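1. Compute the structure for the input listed below.
(4 chains)
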2 protein chains.
Amino acid sequence: MARVRIADVAAAAGVSPTTASHALTGRRPVSAATLANVRKAVADLNYRANAVARSLRTQRTLAVALIVPDITNPFYPMVARGVQDTISDAGYQLIICSTDADLARELRALRDMVSRAVDGMIVSLFRASDDDLADVAASGIPFVMLGPMEGPNLGDRVMGDDRVSVSEATRKLLNSGRKCIAFVGAAQGVGPGDSRLAGYEDAMLAAGVALDPNLILRSDYSRAGARAATAQLVGREPPVDAIICANDLTAIGVMDALKIAGLSVPSDVAVIGFDDIESAALVSPALTTVDNRAYDKGVVCGRILLQRMSGEITGAFRHIVVPSHFVVRESA
Amino acid sequence: MARVRIADVAAAAGVSPTTASHALTGRRPVSAATLANVRKAVADLNYRANAVARSLRTQRTLAVALIVPDITNPFYPMVARGVQDTISDAGYQLIICSTDADLARELRALRDMVSRAVDGMIVSLFRASDDDLADVAASGIPFVMLGPMEGPNLGDRVMGDDRVSVSEATRKLLNSGRKCIAFVGAAQGVGPGDSRLAGYEDAMLAAGVALDPNLILRSDYSRAGARAATAQLVGREPPVDAIICANDLTAIGVMDALKIAGLSVPSDVAVIGFDDIESAALVSPALTTVDNRAYDKGVVCGRILLQRMSGEITGAFRHIVVPSHFVVRESA
DNA sequence: CGATAGTTCCAAATCGATTTGTGTCAAGCT
DNA sequence: AGCTTGACACAAATCGATTTGGAACTATCG
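-> As a prediction, this is how the structure comes out:
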């Protein structure tokens, strides 16, 4: 129960703590006999170095923090997996903090991770302001921002090309002969909805179609919210024959409403989502959507962070775009 | 960039580090004037206590580790949320480690968390053996096991009543007149499938129905696997008129196969899943299933751990069962 | 043989906080 | 006045590892 210290190991091996440390870390050479003795003592006593003490001395924790708005949103676990697969070979542990998209919790997580002296951070914030990130930057801990948000140039940034990919999806609908295309999104400034709406607008304008504000609805990324919003779209003249949605849950809610209204997808109305969550392939008709490449984004974040932490790259912050894939299924 | 230490704060406030520490921790009283000076110095210098140094001295990290097989399985993020909501008020940070149900990673995570001296652990293991947990127990760190697995009495345990609830679900099918009920599960010893199968068997035997080995299929918890397995069930005589599944994904795969075979759910065949994942409500027909209460299990784990860490409970380990809910939708 | 280089090991300093032991001073009480 | 008590501040020890600066000892070589 009483923890074994390196001094105990050293005593058992008949050497000084210094030598035991050198034997275990390989920082300086020790004789083969000493090495064997120390190894044996470690095994006999079941010694595990105290990472807290080591970190204090070495000024490294071998830990990377991932701060996300909501771990139950399937996007983030997939990001986490990408990060972990990337950094764990270099010996880093991933610490995941979920903040519930709550400002106080976001701030607390940021402060706490700085205080715990993690070696690097990957942050995806919904509410925190630039000043809060400035605090992190001031601490000298390298960090990567994940998400579409604009912001100060305080660290590296990894983002999707939401705007471009939604624009392309919209163009495809136009090319396939859809005439009246609506967009169901989120309140302004909340999450990634704005850039997706911008993509929709880009494509419409590029095709010479005037934007109709009545075809742009605000929702809240939820299935129920989308269902309610869609009610406003049915029965219009000319009839809406395609709907672009800010995310997959919205698209599923839209399809609920269409079914209730007696419209069939995709023959009457085409529907396109965003994210490619697992459910997208499960609903009927299966959802045509845009894969946001969560895993790959995690990998990219992990890689940049590794390079920053090792000093391999310094100076100017990178802005890396991870392009999305269009996933064609049945709904469009 | 150079980190601010408490000595710097003390200097700025014109007191000794000792006094600064007392002012900040409240461990001993200080004069109002001193307190104000120290607070001001903290604000001016933007001081954040180094948690590593503090942990070394206090022998507490205020961190709890959650070790799970796969963070992308929606069950575990929900558990994480329950844990976090429970422990964060007490000042604990949650550290989530995903092990990919890989033995080497499970061991590494266990060792690493012991080495990092977390104050408590919640572990859900797929592969690791009892000895490995014995190491954790030997370290004196309290831990809670989450999952249905049998095992040594080394720590507190939180589990579902999978067997009972599947048994009840099966009984309901029998009561509603289903005659030929199959079970699609997983390979023996992998995950929670065994106890669910046992529940199926309990109900069948209790109803005086002999078990037919041909009605018990092994799959792998995946949609595709279940689809393939189900092929063996169609066209039998007497026809299978109900299928109990080890989890929801399996159930969804089963429904895929039934649709292909031209059978309708639930009129020809009733289907029941387990877990109540988000997709369960999204598929068509919506899946009747058993809610495994991930969030509540997280809360229970967190509560027990808090009590152990505070010394509020000691001695004999608890075995807590979190009963499941039957969720009736359209498929049965 | 003496100088030099190379091994091998140890004592002590260090990381940055908290905690213990002690001293000082002023107020309260007999 | 003398004694006790409490408030307040500081110096030094402490947590458990790593790292620095030598010391001791052994080979090698001219």
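2. Please make it C-alpha for all contacts and neighbour counts, starting now.
-> Noted.
3. could you check the angle helix B:75-87 makes with the helix or strand where A:Gly82 lies?
-> Assessed by DSSP states H and E, A:Gly82 sits inside helix A:75-87. Angle of helix A:75-87 versus helix B:75-87, following axes from the mean of the first three to the mean of the last three C-alpha atoms, to 10 degrees, is 100 degrees.
4. Give me the contact list for helix A:75-87.
-> Residues outside helix A:75-87 that contact it (C-alpha atoms under 8 Å, 6 or more residues apart in numbering or on different chains) are A:66, A:68, A:70-71, A:93-94, A:96, A:275, A:277, A:294-303, A:306, B:71-72, B:77, B:98.
5. please redo it, this time with the cut-off set to 7 Å
-> Outside helix A:75-87, the residues that touch it by C-alpha atoms under 7 Å, 6 or more residues apart in numbering or on different chains are A:68, A:71, A:94, A:294-299, A:301-303, B:71-72.
6. Identify the farthest-apart pair in those residues.
-> A:Ile71 and A:Arg303 (21.4 Å; C-alpha to C-alpha).
7. Okay, the one residue in the stretch 101-250 of chain A that gets nearest to DNA strand C and A:Ser139: tell me how far apart.
-> Going by C-alpha to the nearest atom of the strand, DNA strand C is nearest to A:Ser115 of the stretch 101-250 of chain A, at 8.5 Å. Separation of A:Ser115 from A:Ser139 (C-alpha to C-alpha, to the nearest Å): 9 Å.
8. Could you pull out the buried residues of stretch A:223-239?
-> For stretch A:223-239, burial by neighbour count (16 or more other C-alpha atoms under 10 Å in any protein chain shown) applies to A:223-227, A:229-230, A:233.
9. then that stretch to CSV, C-alphas only?
-> In CSV, the C-alpha atoms belonging to stretch A:223-239 read as follows (Å, rounded to 0.1, in the frame of the first residue of the first chain):
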residue,chain,number,x,y,z
ARG,A,223,-34.4,16.5,-34.9
ALA,A,224,-37.5,17.9,-33.2
GLY,A,225,-36.5,21.5,-34.0
ALA,A,226,-36.1,20.7,-37.7
ARG,A,227,-39.4,18.9,-37.8
ALA,A,228,-41.2,22.0,-36.5
ALA,A,229,-39.3,24.3,-38.9
THR,A,230,-40.1,22.2,-41.9
ALA,A,231,-43.8,22.7,-41.5
GLN,A,232,-43.3,26.2,-42.9
LEU,A,233,-41.9,24.7,-46.1
VAL,A,234,-44.7,22.4,-47.2
GLY,A,235,-47.6,23.6,-49.4
ARG,A,236,-45.6,26.5,-50.8
GLU,A,237,-45.9,27.5,-54.5
PRO,A,238,-43.7,26.7,-56.3
PRO,A,239,-43.2,23.6,-54.2
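10. How about the closest residue to DNA strand D within the stretch 51-200 of chain A: what's its closest non-neighbour residue?
-> For the stretch 51-200 of chain A, the residue closest to DNA strand D is A:Ala53, as judged by C-alpha to the nearest atom of the strand, at 4.1 Å. Excluding its sequence neighbours, the residue lying closest to A:Ala53 (C-alpha to C-alpha, 6 or more residues apart in numbering or on different chains) is B:Leu56, at 6.0 Å.
11. what's in contact with the helix or strand that contains the one you found?
-> Using DSSP H and E, B:Leu56 maps to helix B:51-58. Contacts of helix B:51-58 with the rest of the structure, by C-alpha under 7 Å, 6+ apart, involve A:52-53, A:55-56, A:115-116, B:61.
12. thinking again about what came up before, report how many residues lie close to the residue of the stretch 51-200 of chain A closest to DNA strand D.
-> Applying other C-alpha atoms under 10 Å in any protein chain shown, we find 17 residues neighbouring A:Ala53.
13. just to revisit the earlier point, mind checking which of the contacts of helix A:75-87 are in strands?
-> Of the contacts of helix A:75-87, the ones assigned to strands by DSSP state E are A:68, A:94.
14. where in chain A is pLDDT low?
-> A:1-2, A:148-151 (pLDDT under 70).
15. Could you pull out the helices in it for me?
-> With DSSP state H as the criterion, chain A has helices at A:6-13, A:17-25, A:32-45, A:51-58, A:75-87, A:103-115, A:130-139, A:162-175, A:193-206, A:223-230, A:248-260, A:294-310.
16. hmm, back to that, now the helix holding A:Gly82, how far from the centre of its chain.
-> Distance of helix A:75-87 from the chain centroid (C-alpha atoms, centre = their mean, to the nearest Å) equals 8 Å.
17. can you pull the alpha-carbon coordinates of it into PDB?
-> Provided in PDB are the C-alpha atoms of helix A:75-87 (Å, rounded to 0.1, in the frame of the first residue of the first chain):
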ATOM      1  CA  PHE A  75     -18.300  13.800 -33.900                       C
ATOM      2  CA  TYR A  76     -16.000  14.300 -30.900                       C
ATOM      3  CA  PRO A  77     -15.300  10.700 -29.900                       C
ATOM      4  CA  MET A  78     -14.200  10.100 -33.400                       C
ATOM      5  CA  VAL A  79     -11.900  13.100 -33.300                       C
ATOM      6  CA  ALA A  80     -10.500  11.800 -30.000                       C
ATOM      7  CA  ARG A  81      -9.700   8.500 -31.500                       C
ATOM      8  CA  GLY A  82      -7.800  10.200 -34.300                       C
ATOM      9  CA  VAL A  83      -5.800  12.200 -31.900                       C
ATOM     10  CA  GLN A  84      -5.100   9.300 -29.600                       C
ATOM     11  CA  ASP A  85      -4.000   7.000 -32.500                       C
ATOM     12  CA  THR A  86      -1.600   9.800 -33.500                       C
ATOM     13  CA  ILE A  87       0.000  10.800 -30.300                       C
END
